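Asker: turn this into a model:
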Amino acid sequence: MRPLRGRRVRRVPVLVAIPLVLVGLAVVERVDDDEGDVAPAPSDQSAAPGAVSAVGDRALMPVATPAGTLTSTWFCAGGTASTDGMAEHTVVVANAAPEPVEAVITVYPGALDTDPNAAAVAEQPLVSERFDVEGTSRVEVPLTTIVELPFAAALVEVTGGDVVVEHAVRGPTGFDVAPCAAGASNTWYFAAGSTRRDARELLVLFNPFPDDAVVDLTFATPEGFRAPQPYDQLVVPGSGVVVLDISGVVARHDQVSTSIVARTGRLVADRIQMFDGSLSPPGLALTLGAPQPSGLWFFPDGPAGEGVTETYVVYNPSAEPAEVDLEVQLDDPATNGEVEPLALSVPPQGYSAVVLSDEDRIPDGVAHAVTVRALNGVDVVAERVLDSTEPRAREGLAYTMGAPLAATSWVLAAGSATDTVAELLSIQNPSSDTIARVDVVALAGARTPVDGLTSLEVAPAGRLTVDLGDHIRRGTLTVLVTATTPVVVERGLYLVGERGGAQTLGVPLAGSVTRLAPVPG
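Answerer: Okay, the predicted model is just below:
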């Protein structure tokens, strides 16, 4: 393995938190090729139907390493690092443990593959910064305070566990927040995406290891399966970042699903989705890919009301057809009734899309949670697209990968509840027979219970949404959500009085995670 390129290292004694609607910071001394690995997850086929089994699952989604871990590593692939960039990149490091930790951010240069200066950008030195994160606190810094680059990925290495890293992007078309990856993988999948005339879909491929990765990219479009020659055996250089604007290769489609499969090496993949506002309202979305398909995907927040377009895209990257149910759990089923699942047949290397807001079976004005369940043993990837416009009070575009896992402890690092930013938490209880009792705690130098948000009850197969601004006001608000039985927690951030939204799942803490068998008993 060749060594990493030269870098300069700076010590940051104090970093001032910037009230979020975007933020950032970074990390690492060196990355060996056996660090940050993602191994295949157990199939759970030995579990009885409906059983809950423990699994240690960075293979399925980001999961924080346990308290007492010597180091933890996070990979934040997507974003720009220039004063006028389309998706300015910020990293947020939240420490849920009471003890302080030290972190190092290393920033990796990148550029669009069509940029004539891409080769020169790739030769820029890696730049690292060290900083401290106090117990039950967070630190955030825009990457533009470290480098000036067309695109920049960040690798964050921390001396401890119970640490969660998210990143945010902001640009002329909007903002978004997403978890960083807790490990690299040789496969990544995106169910949704668009290359239509008013859209740009960028795939950011980050290889933090010294050796090159060689990958194949394939796509499912309305016109069928595509395996473009330019993306056959594409090289992602060691310690490199490659940014692909896929519109010129995949052509213009309203919907594009993506598979990224490495022949050699491992990497991390983010998607930056933009809409310029010429055909529909503008929007910007940052999404971490799914490292593996799963038999279950949970979406706690199904908003209600006029002005919401709620679309679910289910992608089947396998060679076998997938039979899938899209289950809708309405709020207050005793009053609103129950909804017959939507049955989907998803073709091999294809997708099915459902505009749930157009379904007559969903009562007007009734919020809900959604579960996507594979029935025939063929795992899938599921993603939700929310586009909220007038007359809805909270407007914005959000692409959200579902959660394949449930857990009893979730951290949401990059929050804010002020007069200008609304933060909502949606909590879904997958259990069909057990009430979940939930506490919401602010991590603000100590674990501080949020007034009015202790011992909340979430009914079996039910959900609950709370507006944090009704209970606490903080410009930098990191929260820990704990429950007596495994739940799924999603956060919504919306600008007050203007368009701008972000929806993402929280990050579970290790030791609290469970994986449900796809087919219940």
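
Asker: contacts only, for the residue nearest to residue 434 when sequence neighbours are not counted.
Answerer: Computed as Cβ to Cβ, 6 or more residues apart in numbering, the closest residue to residue 434 that is not its neighbour in sequence is residue 485, at 4.9 Å. Any C-beta I mention is one placed from the backbone N, CA and C, and that applies to glycine too. Residue 485 sits next to 408, 429, 431, 434-436 when contact means Cβ atoms under 8 Å, 6 or more residues apart in numbering.

Asker: tell me which element residue 485 falls in.
Answerer: strand 474-495 (DSSP states H and E).

Asker: could you pull out the buried residues of that strand?
Answerer: 474, 476-483, 485-495 (16 or more other Cβ atoms under 10 Å).

Asker: where along this protein do the helices fall?
Answerer: Secondary structure of the chain (DSSP state H): helices at 118-122, 247-250, 333-336.

Asker: run the chain-centre distance for the first one.
Answerer: Which is helix 118-122. Relative to its parent chain, helix 118-122 has a centroid offset of 28 Å by Cα atoms, centre = their mean, to the nearest Å.

Asker: what packs against that helix?
Answerer: strand 101-112 (3 or more Cβ pairs under 8 Å, 6 or more residues apart in numbering; DSSP states H and E).

Asker: and the strand it packs on, C-alpha only, in CSV?
Answerer: Only the C-alpha atoms of strand 101-112 are listed here, as CSV (Å, rounded to 0.1, in the frame of the first residue of the first chain):
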residue,chain,number,x,y,z
VAL,A,101,-12.8,13.0,23.2
GLU,A,102,-10.2,14.2,20.8
ALA,A,103,-10.9,14.1,17.0
VAL,A,104,-8.9,14.7,13.9
ILE,A,105,-10.5,15.7,10.6
THR,A,106,-8.6,15.1,7.3
VAL,A,107,-10.0,16.8,4.2
TYR,A,108,-9.7,15.1,0.9
PRO,A,109,-9.8,17.1,-2.3
GLY,A,110,-12.2,16.4,-5.2
ALA,A,111,-13.7,17.8,-8.4
LEU,A,112,-16.3,16.9,-11.0
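
Asker: strand partners (parallel or antiparallel) of that strand?
Answerer: Strand 101-112 pairs in its sheet with strand 126-133 (antiparallel), strand 151-158 (antiparallel), strand 240-245 (parallel), by DSSP bridges.

Asker: show the average pLDDT along the second one.
Answerer: Okay, so that is strand 151-158. Average pLDDT, strand 151-158: 98.

Asker: check which residues of it are buried.
Answerer: Here strand 151-158 shows 151-158 as buried, counting by 16+ other Cβ under 10 Å.

Asker: tabulate the residues you listed (a markdown table), appending distance to residue 372.
Answerer: Formatted as a markdown table, the buried residues of strand 151-158 follow (distance: Cβ to Cβ, whole Å):
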| residue | distance to residue 372 |
| --- | --- |
| 151 | 32 |
| 152 | 33 |
| 153 | 30 |
| 154 | 31 |
| 155 | 32 |
| 156 | 30 |
| 157 | 34 |
| 158 | 33 |
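
Asker: wait, which of the residues you listed is closest to residue 91?
Answerer: residue 154 (5.1 Å; Cβ to Cβ).

Asker: just confirm that closest one contacts residue 167, I think it does.
Answerer: Yes: with contacts counted by Cβ atoms under 8 Å, residue 154 reaches residue 167, the gap being 7.2 Å.

Asker: list the contacts of the nearest residue to residue 296 once chain neighbours are set aside.
Answerer: Spatial nearest neighbour of residue 296, chain neighbours left out: residue 518 (5.1 Å); criterion: Cβ to Cβ, 6+ apart. With contact taken as Cβ under 8 Å, 6+ apart, residue 518 is in contact with 44, 294-296, 373-375, 377, 379.

Asker: where's residue 166 relative to residue 292, distance?
Answerer: Separation of residue 166 from residue 292 (Cβ to Cβ, to the nearest Å): 21 Å.

Asker: quick revisit: right, and the strands paired with strand 101-112 - which one's nearest residue 77?
Answerer: Between those, strand 151-158 lies closest to residue 77; by Cβ to Cβ that is 4.8 Å.

Asker: surely residue 356 and residue 311 touch.
Answerer: Yes: Residue 356 sits in contact with residue 311 when judged by Cβ under 8 Å, with a separation of 7.0 Å.

Asker: low-confidence bits of this protein, can you list those?
Answerer: 1-58, 520-521 (pLDDT under 70).

Asker: against residue 177, how distant is residue 188?
Answerer: Taken as Cβ to Cβ, the span from residue 188 to residue 177 is 19 Å.

Asker: which residues does the closest residue to residue 424 other than its chain neighbours contact?
Answerer: Closest residue to residue 424 apart from its sequence neighbours, by Cβ to Cβ, 6+ apart: residue 492 at 4.3 Å. Residue 492 makes contact with 301, 394, 398, 422-426, 501-503, according to Cβ under 8 Å, 6+ apart.

Asker: just those residues: which are in strands?
Answerer: Of the contacts of residue 492, the ones assigned to strands by DSSP state E are 301, 398, 422-426, 501-503.

Asker: would you list these in JSON lines and tack on distance to residue 318 and neighbour count?
Answerer: Below are the ones in strands among the contacts of residue 492 laid out as JSON lines (distance: Cβ to Cβ, whole Å; neighbours: other Cβ atoms under 10 Å):
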{"residue": "301", "distance to residue 318": "28", "neighbour count": "27"}
{"residue": "398", "distance to residue 318": "27", "neighbour count": "24"}
{"residue": "422", "distance to residue 318": "39", "neighbour count": "21"}
{"residue": "423", "distance to residue 318": "37", "neighbour count": "24"}
{"residue": "424", "distance to residue 318": "35", "neighbour count": "21"}
{"residue": "425", "distance to residue 318": "34", "neighbour count": "26"}
{"residue": "426", "distance to residue 318": "30", "neighbour count": "22"}
{"residue": "501", "distance to residue 318": "32", "neighbour count": "24"}
{"residue": "502", "distance to residue 318": "31", "neighbour count": "30"}
{"residue": "503", "distance to residue 318": "27", "neighbour count": "28"}
